[in-house]
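1. Take this sequence and fold it.
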Amino acid sequence: MVVPQSIAYAIAANLPAVYGLYASYIGVWVYVFLGTSKDVTVGPTSIMSSLVSSAADGDVAYAICLSLVAGIYMLIFGFCELGWIMWLISYPTLAGFTSAAAIKIAGGEIGDLTGIQDWSSDFVTVCQDCITRIDELRWTDTCLGLSTLLILFLLWLLQQHAAKCFRAELEESGGVPTSRYYVWRAIWYTGLMRNIIVVILGGLLDYMLYIDDENPFYIVGDIPAGLQSFDLSSFVLFETEWMDLLIDGLVIALIGLLEGLAIATAFGKKNRYEVDNSQEMVAIGTANVIGSFFLCYPVTGSFSRSSVQSESGSRTPFAGFYTGLIVVLCLLFLTSIFYYIPMAVLAAVIIFAVVFMVNFCVPVRMWRVRKLGTISWLVTFVCVLALGVEYGIAIGVGFDLILVVAKNLRPTTHVHDMGEGIILVEPESGWNYLSTNYVKEKTEEAMYWERKRFLFSHSTTVTAIILDMSRFSELDITAFEALKSLSEGCHSEKILLFSVGLSMELSEDCERFGVVIPNFKGTDDAVSAARREVRISMALQERMAAAVSNQVLYPELPDDQGPNNPPKYGTFDDKTPPPPHPPPPPPPGTE
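-> Next comes the predicted model:
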């Protein structure tokens with residue numbers, strides 16, 4: 001599998017076929033000594049080839065420099081444990097990019113599949129050329145390419161059916177392999193080797209029809225025999241194009257690590273072993289850095305080849321050594337055979353490999369759960385197709401960050417009327433400098449709900465506000481300042497202010513900042529305390545109103561307070577003693 005895929009992916013990267021073979025054994029041999037997954041095989045992939053094709057545009061030296069830059073980025077991420085940077089790429093963005101990149105790769109191979117020369121890899125141009133250049137297709141290449149796709153599909157179906165049969169046979173025999181099991185297993189391996197089968201058949205067909213120096217198909221042509229040597233000549237590009245290399249290398253490093261780590265993690269969970277993500281970054285980064293000195297373009301973990309290695313029963317990463325050895329033997333002794341491989345066959349191999357990466361079920365599922373996820377998928381998908389891989393990813397990540405900032409700017413905040421003028425404010429997320437002003441505004445609207453036309457079913461006047469802070473894991477300086485301003489506003493409006501669920505650490509920080517708010521563990525405790533304080537306040541106000549109407553003087557009141565200057569209830573520094581008799585019972589139905 002590795003040889004035909006490597007040749008095909010090099011062509012997909014718009015590079016000579018031999019560079020795919022170069023990249024297929026250097027990377028995997030480096031990973032043998034540094035990798036932590038026994039199943040991962042490092043080498044060219046469809047996604048990396050698409051990125052290289054878009055960035056290098058056929059410039060071999062630029063592609064080799066990209067390998068060095070991307071490898072250095074990966075090493076930095078690994079040594080500094082900066083893997084969190086990849087978390088900036090959300091699942092909808094990654095899914096949209098993968099589907100769009102697969103369509104873009106397949107579209108770029110239509111020219112080789114149909115024998116049309118000088119075929120563009122730009123998706124918009126491809127759509128136009130499919131209509132305007134249809135008269136240029138060669139029927140021989142087109143028939144061969146479509147026939148190859150059909151054979152690949154049939155072999156894939158055979159592999160899927162054989163997999164079900166040999167597993168069922170193994171279960172029926174109680175885990176003991178039988179002759180039927182080995183037959184179905186052999187059929188499964190035949191389907192698995194579909195790429196090399198169609199490449200051999202295509203090469204034999206071209207060889208038999210090659211008459212009088214006339215070839216019925218466009219072919220790969222000469223591939224240099226032998227191994228590449230240590231070469232530094234490509235790095236002169238850093239003198240003039242270092243900025244472009246830094247930008248393109250970062251994109252390739254991020255996508256390469258995402259693909260490689262996802263594959264390593266998936267096989268680690270499947271086969272029940274641990275994968276060290278930081279070490280995986282170092283391993284893939286080292287493979288790219290060393291490979292750049294031997295004419296290799298960027299590589300990462302390959303899912304299809306890793307699946308083969310896993311199913312083959314590998315026990316250690318050293319299994320990849322034999323994969324690289326096969327490529328070396330082909331470079332030394334079999335390059336003359338590759339001369340007759342038709343380009344239409346390789347195009348069919350690439351198209352069939354990437355067609356399963358297109359998944360339109362993902363946005364449909366996301367639409368049912370989170371519609372913003374589908375929008376993010378669609379933005380990335382369209383931008384990758386219309387503007388290119390680098391711009392598409394950048395716009396997709398930027399759109400996700402805008403959504404995150406927008407959600408933090410206006411977090412969902414619920415305002416509940418608890419009766420007796422008590423308002424409960426529940427922000428669904430914590431306070432930071434982005435969300436502070438919005439939550440404060442919602443709380444102040446609750447304070448002045450009559451002016452803001454808030455309609456509560458029971459309250460006539462807001463007497464207490466309970467701020468649910470149970471979701472607050474931290475508070476920044478802007479949040480402390482907002483709490484202080486809110487506390488002062490409640491004080492001036494004679495409104496009680498309580499908090500719920502504030503941690504001990506944050507409560508102490510509030511006190512150090514000069515904000516003292518009574519804090520309760522649960523909402524029910526805070527509501528009960530608020531009702532008690534409100535009733536005491538109301539009873540005392542009624543008592544004072546009666547005293548004013550009867551012109552009764554109360555010597556227990558301080559000199560600076562009287563009938564016209566009652567105590568300011570709603571604050572906790574009020575030292576006025578309670579009335580001499582207990583407050584009246586609450587009205588029925590309020591508890």
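2. Surely residue 315 is within a helix?
-> No: read with DSSP: H, G, I helix; E, B strand; the rest coil, residue 315 is coil and lies in no helix.
3. Relative to residue 323, how far out is it?
-> Distance, residue 315 to residue 323, using Cβ to Cβ, to the nearest Å: 15 Å. Bear in mind the C-beta positions are built from the backbone N, C-alpha and C, glycine included.
4. more crowded one of those two?
-> The neighbour comparison of residue 315 against residue 323 (other Cβ atoms under 10 Å) goes to residue 323, with 23 against 7.
5. tell me the contacts of that one?
-> 2, 24, 25, 28, 41, 305, 309 (Cβ atoms under 8 Å, 6 or more residues apart in numbering).
6. In a markdown table, list the residues you listed along with pLDDT.
-> Shown next, in a markdown table, are the contacts of residue 323 (pLDDT from 0 to 100):
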| residue | pLDDT |
| --- | --- |
| 2 | 78 |
| 24 | 89 |
| 25 | 89 |
| 28 | 89 |
| 41 | 85 |
| 305 | 75 |
| 309 | 70 |
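7. Would you tell me which one of these comes nearest to residue 171?
-> residue 309 (24.1 Å; Cβ to Cβ).
8. I'd guessed that closest one sits against residue 322; true?
-> No: with contacts counted by Cβ atoms under 8 Å, residue 309 stays clear of residue 322, the gap being 9.5 Å.
9. Please say which of those two ends up with more neighbours.
-> Taking other Cβ under 10 Å, residue 309 and residue 322 do not tie; residue 309 has more neighbours (23 against 13).
10. Look at the more buried one and tell me its secondary structure.
-> Three-state assignment for residue 309 (three-state DSSP): helix.
11. And residue 81, by the same measure?
-> coil.
12. Residue 494 too?
-> With three-state DSSP as the basis, residue 494 sits in coil.
13. Average pLDDT for the strand or helix carrying residue 106, rounded please.
-> Element membership for residue 106 (DSSP states H and E) is helix 91-108. Helix 91-108 carries an average pLDDT of 85.
14. Give me the buried positions along it.
-> For helix 91-108, burial by neighbour count (16 or more other Cβ atoms under 10 Å) applies to 92-108.
15. And stretch 62-76, by the same measure?
-> Buried, per 16+ other Cβ under 10 Å, within stretch 62-76: 62-75.
16. gap between residue 369 and residue 363?
-> With Cβ to Cβ as the criterion, residue 369 and residue 363 are 11 Å apart.
17. Among the two, which residue is more densely surrounded?
-> The residue with more neighbours, out of residue 369 and residue 363, is residue 363; 20 against 8, by other Cβ under 10 Å.
18. Can you give the distance of the helix or strand in which that one is found from its chain's centre?
-> Assigned by DSSP H and E, residue 363 belongs to helix 361-369. On the basis of Cα atoms, centre = their mean, to the nearest Å, helix 361-369 sits 16 Å off its chain's mean C-alpha point.
19. In PDB, list the C-alpha atoms belonging to that helix.
-> Extracted in PDB, the C-alpha atoms of helix 361-369 (Å, rounded to 0.1, in the frame of the first residue of the first chain):
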ATOM      1  CA  CYS A 361     -23.700  13.900   7.900                       C
ATOM      2  CA  VAL A 362     -21.600  15.900  10.400                       C
ATOM      3  CA  PRO A 363     -23.200  19.400   9.700                       C
ATOM      4  CA  VAL A 364     -26.600  17.800   9.700                       C
ATOM      5  CA  ARG A 365     -26.100  16.300  13.200                       C
ATOM      6  CA  MET A 366     -24.600  19.500  14.400                       C
ATOM      7  CA  TRP A 367     -27.600  21.500  13.100                       C
ATOM      8  CA  ARG A 368     -29.900  19.400  15.300                       C
ATOM      9  CA  VAL A 369     -27.900  20.100  18.400                       C
END
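20. centroid residue for this structure?
-> Nearest to the centroid of the C-alpha atoms of the chain, with distances taken as Cα atoms, centre = their mean, sits residue 90, at 2.6 Å.
21. What segments of the stretch 201-350 of the chain are strands?
-> Using DSSP state E, counting those that start in this stretch, the strands of the stretch 201-350 of the chain run over 300-302.
22. if we can go back for a sec, which among the contacts of residue 323 end up buried?
-> Buried by 16+ other Cβ under 10 Å: 2, 24, 25, 28, 41, 305, 309, out of the contacts of residue 323.
23. could you measure the residue nearest to the fifth one when sequence neighbours are not counted against residue 249, distance?
-> Right, residue 41. The shortest distance from residue 41 to any non-neighbouring residue, by Cβ to Cβ, 6 or more residues apart in numbering, is to residue 305 (4.1 Å). Residue 305 sits at a distance of 24 Å from residue 249 (criterion: Cβ to Cβ).
24. Over to residue 279?
-> Here residue 279 is placed at a distance of 21 Å from residue 249 (Cβ to Cβ).
25. The two: which is more packed in?
-> More crowded of residue 279 and residue 249, by other Cβ under 10 Å: residue 249, with 24 against 15.
26. how about that one, what does it touch?
-> Residue 249 makes contact with 66, 68, 69, 70, 72, 73 under the criterion Cβ under 8 Å, 6+ apart.
27. Helix, strand, or coil at the third one?
-> Just to be clear, that refers to residue 69. helix.
28. isn't it right next to residue 243, touching?
-> No: here residue 69 does not reach residue 243: they are 11.0 Å apart, not a contact under Cβ under 8 Å.
29. Compute the distance between residue 519 and residue 83, please.
-> From residue 519 across to residue 83, the span is 38 Å (Cβ to Cβ).
30. And the two? Which one has more around it.
-> The residue with more neighbours, out of residue 519 and residue 83, is residue 519; 19 against 16, by other Cβ under 10 Å.
31. Could you list everything the more buried one pairs with in the sheet?
-> Beta bridges link residue 519 to residue 499, judged by DSSP bridges.
32. from the chain's centre, how far out does stretch 100-118 sit?
-> Averaged C-alpha coordinates place stretch 100-118 at 27 Å from its chain's average position (Cα atoms, centre = their mean).
33. Please apply the same query to stretch 511-521.
-> The mean C-alpha position of stretch 511-521 is separated from the chain mean by 39 Å, Cα atoms, centre = their mean.
34. Need the contact partners of it.
-> 467, 469, 480, 483-484, 487, 497-502, 507, 510, 526, 529, 572.
35. Give me the below-cutoff pLDDT ranges for the stretch 451-591 of the chain.
-> Applying pLDDT under 70 to the stretch 451-591 of the chain flags residues 451-461, 548-591.
36. Do a quick rundown of the strands in it.
-> Under DSSP E, counting those that start in this stretch, the stretch 451-591 of the chain gives strands at 464-468, 496-500, 519-520.
37. Kindly report the same for the stretch 1-150 of the chain.
-> 41-43.
38. What are the boundaries of the helices in it?
-> Assigned by DSSP state H, counting those that start in this stretch, the stretch 1-150 of the chain shows helices spanning 2-12, 18-34, 46-56, 60-79, 91-108, 110-114, 123-132, 139-172.
39. can you check the stretch 301-450 of the chain too?
-> According to DSSP H, counting those that start in this stretch, the helices that the stretch 301-450 of the chain contains are 303-311, 319-333, 343-355, 361-369, 371-387, 389-409, 436-447, 449-452.
40. any chance of the ones you listed in TSV, with distance to residue 206 too?
-> What follows is these, written out as TSV (distance: least, Cβ to Cβ, whole Å):
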stretch	distance to residue 206
helix 303-311	25
helix 319-333	18
helix 343-355	9
helix 361-369	38
helix 371-387	33
helix 389-409	33
helix 436-447	68
helix 449-452	79
